[in-house]
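S.K.: fold the following.
(chains A, B and C)
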Amino acid sequence: MKPARFAYTAPDTVEGTLDALDRFGDEAKVLSGGQSLVPMMNFRLARPEVIVDIGRVSGLDGMSVSNGTLTVGARVVHSRLEAPTVSTPDGRSESLGGVLGSLLPVVARFVGHLPIRVRGTFGGSIAHADPAAEWCILARTLDAEMVALRQGGERTIPAADFFETVFTTALAAEELLVAVRLPILGEDWRAGFCEFSRRAGDFAVVAAMTAVRLEPATGAIAEARIGVGGVAGVPVRLPAAEAMLVGETPGAGLHAAAAEAAAGEVDPVGDLHGSAAYRRDLVRAMVARSLAQGAGASG
Amino acid sequence: MTEISAADAAVPVVLRVNGDEYRIAAEPRRTLADALREDCGLTGTHLGCEHGVCGACTVLVDGEPVRSCLMFAVQSQDVEIRTVEGLAAADGTLHPLQEAFWRHHGLQCGFCTPGFLMLSAGILETSPDIGDEELREALSSNLCRCTGYQTIVDSVRSVLDAGEA
Amino acid sequence: MGWVGRSIRRVEDPTLLCGAGMFVGDIGGAAAVRFVRSPVASGRIRAVRGPAYTIADLDADGVGNIEAVLHRPDYVRLAQPLLARERVRYVGEPVAVVVGATAAEAEDLAEQVELDIESLPAAVGLEAALDPDAPLVHPDEAESNVMVAGEMATPELAGALERAHVIVELEILSGRQAALPLEARGSHAVTERFGGRTTLHASIQAPHMIRTVICDLLGMPEADLRVVAPDVGGAFGQKLPLAREDAVVVWLSRRLGRPVAWIEDRSENLMASWHSREQRYRLRAGFNAAAHLEALEADVVANVGAWPCYPITWGVEPLMALAELPGPYTLEHYGVRSRGVASHTCPMSPYRGVSRPVITLALERLMDIAAARLGVDPVEIRRRNLQSDFPHISPTGLRHDEGTYREAMELAVSHVDMGAFRARQDAARAAGGPQPGIGICTFSERTGYGTPAFAARAMGVTPGFENVELSMDPSGYVTLRIGASPHGQGLETALSQIVADEVGTDPGRVRVVASDTDRTPYGWGSFASRAMVLAGGATYLAAQKLATQLGSLAAEVLEAAADDIVLADGRATVAGTSVGVDIAELARIAHHHTQRLPTGTMPGLSEQAGYDPAGTFSNACHVAEVDVDPDTGGVSMRRFVVVEDAGRLINPMIADGQIRGGVAQGIANALLEEVVYDEDGNILTTSLMDYLPPTIAEIPNIEILHLETASDATITGAKGLGEGGTIGAPAAVLNAVNDALAHLGVELNEMPATPERVRAAVRAAACGDSPGDTDRSTQEAAVR
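M.R.: Numbering: from 1, shown residues only, chains lettered A, B, ... in the order given. Alright, predicted model coming up:
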């Protein structure tokens, strides 16, 4: 279990990185925290010809908020999202508040184990695109935007287009994911996240994130998002179940009905860790609990 | 243009481990764990799975516990690395964690022990006020096949508690 | 106060704590060996191309085949080559071997080796291998896949079943498991340039036995092979049988004349090291109206993989099940058929507990199901059936020595406070959500058996005795050389406590030498919960003899009667006086002033002794408390209580460590760990993300209480306990899971009780399906 040979470069700027990616194209693989890529290399399931290590690149590990959007630098490590802080325009650092500020630590605790969280990165997880990865589910559920650079250009890719299939994204070989933009979710949002895994720290068998926006006046649901991982090659949204929620008032009966709809809406493929029928059962349980968690958070 | 290290050539690498400097030559594919064991002769860092699950290879990098099987030696040049060999004092006095593991029977075959000691050292130094539940969560990072774990928790807890006294 | 019975810190630990242990992978200085393994479960080898050695090279050197023998009818005897010859029989079977400068380069080389194999139909899984039309694993040697079979019945069995008040039928399934020592296997061999003697360091449990078999295979005298087991990172049975790879490493070092090492990686270890415990039990049990188990009829099948293991053979699981199924109960009428069935899967070896975790699961599920059928409390039904007359002779002729089968259960039950638990359970059932359950398991653990028990198995070689050599050097320090081969159990510490008490010194002045064939007497190593009983017994006898020698010498020096000499605290004194001499002084005299010894006295201070008992039974009761989530099938452990009776405890801390570690492996067996193959024989669980040993988050604190029954079956009074934790825990956990969901009508008799299986059982119960076949529909991608 030793990796196949590869050439190695560690640029210290974004420009140098883009230069290397442009030069090596498909032969190159970006190494960030390495917590997903290196195991695959040790198994020789991944055999990049060239490793472009972005560990020395500065400027990719910031978090800031503007216009209701949190921008997370690609090299922010998971553990920083357990207690997220953002840089203010005047150079101070303050805790990220609001619904997203409460949600990120809940989700971060499910990401691997301590030594994985201090080394693995948010952007690395997104670019790796494991369909059961917590950050991928979060990005899909909240309609995150991925910011990708290439030599001479930048583009923004919506989450719905970014995740293509297992371990495969819309990023071109020459592109570097530099940041992810997330809505901070105003005070009228309620969000929850539930995950079922076999052991502490394992990848989810099924995980669900829910977020609903309430009408301040009526308390009815104005907008709903349900995202689940572990049921397809990418994290998926469940529009039919979401639609059932809109216009209704949160409550156990509604949550159960939406969870039932969610279970019917997914079309999972069975594997070693769970048959299709079992995964559907887990979707039902996780969606119901995530909705209840969100409702509970509203106090 | 940034320098590229060829795949099949060993490149010079400088590792700082337990305060000592090791000048080694390593292929880019050499993991930090293998470099420590094979090139630095520090075989206390063990390999139990080489895919980041078991934690036997845990070392401290700049004070934080990491899996040395998931880092390459070439990535590890500008950091301070600490391994189990650096825990005891130069005169052989055991580190409080080593004493505690001994007293509480926190080891049997001893293969996972260096990883658990370094994980625990990282916890002790970064989170001295850690609660019981969080401690168990943090210790769930590594696998032990012999002890059933409770004596490992007892060992670490006793050192944390002694620190508070 | 003596040293025995005290929880002193282990002498083994400082080295290990400082990272200074020496495991096989730490030796270094050797070229790297890598095996090229079969990618298919069954096939005919057409060609092997590339920079590799194959069986042809071994054959050319006259290397022999492994023959694991049982002298009994219904046993298929095979000659197993060290690398696959003509056919491959499981994914992972070694076909060729390469040598590279580093592990990475050896892996590069292995990738260049092309295996041209014609794929053939494979028999994978128990049912597939049993099918009359199944592809045969050894078509030239056997007409079916049944490789070993045993059958017996007591004369009145049929009548007893007919007379029964209630008949309970039950099917128990156990998934395939891996022992998973955290250090995988490995070996390192160096052959002297002149003289040609080879030293093998290997991660193994029985160095002397391994030396014998490798020398037999390579046709070399045992004097020319030194086998050392350095620090061993866990074994649990997986490192007891001969690894084919270790023999090939010795051959390579001799052929190439350079040091070579094979360090197994985790993926290889999961794929191609030994597996265990893939078994099915069908029980038919007759109870009388008083809930007494009168008669038991059983059909046992074990999937034993593609090859036997040396020297234990693939009879070990099915034949242990045959002999020990009656368990701790006063069962009179018993009949059993037990078969070992070959399949195109990884071979099996003993794993901690061997068949007893499944035997115990079967019996303890039977007791709970019968209790429910008869309207008796689970504690009460056991009370009425457990042995209490000792010695008790089982229907298969096993002699159970004194134990506390009932007392252990009563103590466990009172410790957990069953009444408070039932109140909490009632509340949870009313409230919904996670459902608490409690499960009891009572069992005995056959341990510490020597030659007589092994001779009954009729193996090609008969393990058994343990010998030790004990000497005191002129400084008064004691060196104990043992044939047992400890690897983390703390045996060195425990033996030093025994020596210290007998010789009047302290454990800090005792050095134990083990696991090196050049430095220790021939012995059988550490396995089967035997080392404390056998090596401990031999040590006790040798230490007594050394004490006698010291006593005679002290009597001579002190001009007193030998019977009046007391050895304690480093001095030999005349009883009732202050007249004495330091033991270290006696040691000097025995070596340096032998003119002071009576004529005819042998100079020096050394003794040897052996011990070879018939065996003993320790016993225990486990109680598990769980929470089961009916929506996800997830099970969390809330509490685990053990009442253990292993006789006299030499070092209680070490004993508790063995119990805790065993229980953790048992919980893993019950809930998490399963080796899975697809129907073509591809193994799906080759990483620790797919094969799931527990973390601390899955293991509760384990509360331990002790009873210490004096038994005359062992000379030290100590009984073995290395496997008990693993034997009892699965049944306790599955009984608890069933108890948690009993109000839903769930019955689940398969381990591991994965969340998917639990959830499927909940759904099946809700649909009114019969219990027992709850799982098959959900295993879409995977067959066992």
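S.K.: how's the chain carved up into domains?
M.R.: Using chain A. A:7-53, A:63-183, A:189-297 (automatic domain parsing).
S.K.: that's the wrong chain, I wanted chain C
M.R.: If you go by automatic domain parsing, chain C breaks into C:13-120+C:185-263, C:355-363+C:376-449+C:614-778, C:465-611.
S.K.: mean confidence for the second one?
M.R.: Model confidence over domain C:355-363+C:376-449+C:614-778 averages 95 on the pLDDT scale.
S.K.: just name the shakiest helix or strand of chain B by mean pLDDT.
M.R.: Least confident helix or strand, chain B: strand B:4-5 with a mean of 88, by mean pLDDT, DSSP states H and E.
S.K.: name every strand pairing with that strand and say which way it goes.
M.R.: Counting by DSSP bridges, the strands paired with strand B:4-5 are strand A:7-9 (antiparallel).
S.K.: which other helices and strands contact the top helix by length along chain A?
M.R.: Ranked by residue count under DSSP state H, the longest helix found in chain A is helix A:276-297. For helix A:276-297, the elements it packs on are strand A:189-196, strand A:206-214, strand A:221-229, helix A:252-265, helix C:755-766, judged by 3 or more CB pairs under 8 Å, 6 or more residues apart in numbering or on different chains; DSSP states H and E. C-betas here are computed from N, CA, C, even on glycine.
S.K.: thinking again about what came up before, residue B:121 is nearest to which of the domains of chain C?
M.R.: Proximity to residue B:121 (CB to CB) singles out domain C:13-120+C:185-263 among these, at 12.3 Å.
S.K.: what is the mean pLDDT for that closest one?
M.R.: 97.
S.K.: now it, how far from the centre of its chain.
M.R.: Mean-position distance between domain C:13-120+C:185-263 and its chain equals 22 Å (CA atoms, centre = their mean, to the nearest Å).
S.K.: right, and residue C:283 touches residue C:298 too?
M.R.: Yes. Because the distance of 5.2 Å satisfies CB atoms under 8 Å, residue C:283 is recorded as touching residue C:298.
S.K.: so for these two, which residues contact both of them?
M.R.: Residues touching both residue C:283 and residue C:298 (CB atoms under 8 Å, 6 or more residues apart in numbering or on different chains): residue C:362.
S.K.: ok, back up a step: can you list the helices and strands packed on helix A:276-297 in JSON lines and add mean neighbour count and distance to residue C:314?
M.R.: Shown next, in JSON lines, are the helices and strands packed on helix A:276-297 (neighbours: other CB atoms under 10 Å in any protein chain shown; distance: least, CB to CB, whole Å):
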{"stretch": "strand A:189-196", "mean neighbour count": "24", "distance to residue C:314": "38"}
{"stretch": "strand A:206-214", "mean neighbour count": "27", "distance to residue C:314": "39"}
{"stretch": "strand A:221-229", "mean neighbour count": "24", "distance to residue C:314": "43"}
{"stretch": "helix A:252-265", "mean neighbour count": "19", "distance to residue C:314": "45"}
{"stretch": "helix C:755-766", "mean neighbour count": "23", "distance to residue C:314": "27"}
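S.K.: for the residue of chain B found nearest chain C, give its distance to residue B:105.
M.R.: When distances are taken as CB to the nearest CB, chain B reaches nearest to chain C at residue B:44, 1.9 Å away. With distances taken as CB to CB, to the nearest Å, residue B:44 is found 20 Å from residue B:105.
S.K.: correct me, but residue A:50 touches residue A:30?
M.R.: No. In this structure residue A:50 lies outside contact range of residue A:30 using CB under 8 Å: 10.0 Å.
S.K.: still on that earlier bit, check which element follows the least confident helix or strand of chain B along the chain.
M.R.: strand B:11-17 (DSSP states H and E).
S.K.: what sits up against that following strand?
M.R.: For strand B:11-17, using CB under 8 Å, 6+ apart, the contacting residues are A:8, B:5, B:21-28, B:32, B:35-36, B:40, B:42, B:73-74, B:76-77, B:79-83, B:86.
S.K.: endpoints of stretch C:51-71, how far apart?
M.R.: From its first residue to its last, stretch C:51-71 covers 41 Å (CA to CA, to the nearest Å).
S.K.: before we move on, back to that, any idea which of the domains of chain A gets closest to residue C:334?
M.R.: domain A:189-297 (38.4 Å).
S.K.: run the chain-centre distance for that closest one.
M.R.: For domain A:189-297, the distance to the chain centre is 15 Å (CA atoms, centre = their mean).
S.K.: on the three-state scheme, residue C:262 is what?
M.R.: strand (DSSP: H, G, I helix; E, B strand; the rest coil).
S.K.: quickly list what it is bridged to.
M.R.: Beta bridges link residue C:262 to residue C:187, judged by DSSP bridges.
S.K.: again, but for residue C:459
M.R.: Assessed by DSSP bridges, residue C:459 has beta-bridge partners residue C:70.
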